[in-house]
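>>> Below is the sequence, then the predicted model.
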Amino acid sequence: MECCSDLRIPLERVAVLIGRKGETKQMIEQECRVKLDVDSEEGVVRIKGEDAISVYNAREFVNAIGRGFNPRVALHLLRGDYVCEVISLRGRSSKSRKFLERMKGRIIGSQGKSRRLMEELSGTNICVYGKTVSIIGLSERVAITRKAIEMLLKGSQHSTVYRWLEKEGCRLRRKQFLGQFGIEEGNI
């Protein structure tokens, strides 16, 4: 039984999806065992595959590229433990263009410093594109990064957010370390 799924990506991301000489498109088709039909004038991508899981994985991959991620980063999504979460910046108190730019600026920071630091502290990849912020990483780390971004959007100081991320990062590393030995955090 053949499965099929359509999705639309921004026209300026179609070239990234296809890649040089079709390399990225071929890689997605091989890794996910699907066939991609790309309408480069409309930005519509049709994904066809033998099973729903392959189509779902390819859809997540294509969606991440459409949200602004580099294909090498989006490739992480093919591992079962990585997720992509999209945060919409629409509908946040003011609808003015300046307000949207200010929110994006708080997340990106001066010369990308804030975004880079949040990526390092959380172990995730963050992409600000259009009216969305997208995060790729392990699900627990994505949840932490989402909360940090929400804190920034609500007006928290950057230093407060960074300290919180450091604390949460330490907690996750400790949990992971103890988990290697089959010890739960509350049993120490």
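It's in. Numbers count the residues shown, from 1 in each chain.
>>> quick one: stretch 56-75 to chain centroid distance?
Stretch 56-75 sits 8 Å away from the centroid of its parent chain (Cα atoms, centre = their mean, to the nearest Å).
>>> end to end, how far does it reach?
This stretch, stretch 56-75, spans 14 Å end to end (Cα to Cα, to the nearest Å).
>>> buried ones in it?
For stretch 56-75, a neighbour-count test (16 or more other Cβ atoms under 10 Å) marks 56-69, 71, 73-75 as buried. Every residue, glycine included, has its C-beta placed from N, CA and C.
>>> residues making contact with whichever strand or helix holds Q26?
Here Q26, judged by DSSP states H and E, is contained in helix 23-32. Here helix 23-32 makes contact (Cβ atoms under 8 Å, 6 or more residues apart in numbering) with 16-19, 34-36, 38, 49, 54-55, 57-58, 61-62, 65, 71, 75, 78.
>>> where does the protein dip in pLDDT?
Within the chain, the stretches with pLDDT under 70 are 1, 92-95, 185-188.
>>> Can I get the helix holding Q26 as PDB, trimmed to CA atoms?
Provided in PDB are the C-alpha atoms of helix 23-32 (Å, rounded to 0.1, in the frame of the first residue of the first chain):
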ATOM      1  CA  GLU A  23      21.900  15.800  -4.000                       C
ATOM      2  CA  THR A  24      19.700  16.700  -1.000                       C
ATOM      3  CA  LYS A  25      16.600  15.400  -2.700                       C
ATOM      4  CA  GLN A  26      18.300  12.200  -3.500                       C
ATOM      5  CA  MET A  27      19.700  11.800   0.000                       C
ATOM      6  CA  ILE A  28      16.100  12.200   1.500                       C
ATOM      7  CA  GLU A  29      14.800   9.700  -1.000                       C
ATOM      8  CA  GLN A  30      17.500   7.200  -0.200                       C
ATOM      9  CA  GLU A  31      17.500   7.600   3.600                       C
ATOM     10  CA  CYS A  32      13.700   7.600   4.000                       C
END
